[in-house]
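Colleague: Got a sequence here, can you model it:
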Amino acid sequence: MGRIGFSCLFPASWHFSLPSQVLPRLLTPSLRQLLFIGLVPCLIGLLYLLLVAVKTRTSWIGEENPFHRHLARVTDLDATDTSNPNLNYGLVVDCGSSGSRLFVYCWPRHNGNPRELLDIRQMRDQHRKPVVMKIKP
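Modeller: Now for the predicted structure:
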C-alpha cells in the first residue's frame, strides 16, 4: 500500500498523509457532493448580494444623500424658470486678454442650515444652452 505525504515547514503536528485508497475517492466526487459544493458558494453569494442591495437601497432612499444632490446638479439641463420668485441671480464678468465674458448664475433661496451650501447653477435659456455673452476688445 502506497502513501502520499504532504510536508511543510510547519510544526510536526500539522503534517498529515493520505492513504492511496482515499485519494481516488476524493478526486471523483459523487453528483450529490458536486451539487453541494456548487450550491454553497452560490447561496453565500446570493446572501451577500441581497445584503448589499438592501444596504444601498436604504441609503439611496434617504433625502440627505449627497449623491442625489450631485446627480441633480449634473443632470439639471432644463431651461431656467425665470418666473420663479424663489430664484436669486448673479452675474460674473470674466475679463481676459482675448475678450470679456458675462456668465449668469441662479440659485434657490437658502434653507437656513449653516451646514448646507447654496445650490448655484448656470442659467440656461429656452434651448437649454448656458447663458453666456462674449465681447471681443
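
Colleague: Longest helix in the protein, please.
Modeller: Assignment by DSSP state H gives helix 31-61 as the longest helix of the chain.

Colleague: what mean pLDDT does that one have?
Modeller: Throughout helix 31-61, pLDDT has a mean value of 79.

Colleague: And for stretch 84-98?
Modeller: Here stretch 84-98 scores 90 as its mean pLDDT.

Colleague: which residues make contact with it from outside it?
Modeller: The contact list for stretch 84-98, computed with C-beta atoms under 8 Å, 6 or more residues apart in numbering, reads 80-81, 100-109, 120, 123, 136-137. C-beta: built from backbone N, CA, C; applies to glycine.

Colleague: try it again with 10 Å
Modeller: 80-82, 100-110, 118, 120-123, 131-137 (C-beta atoms under 10 Å, 6 or more residues apart in numbering).

Colleague: who does the longest helix of the chain touch, helix- and strand-wise?
Modeller: Judged by 3 or more C-beta pairs under 10 Å, 6 or more residues apart in numbering; DSSP states H and E, helix 31-61 is in contact with helix 66-75.
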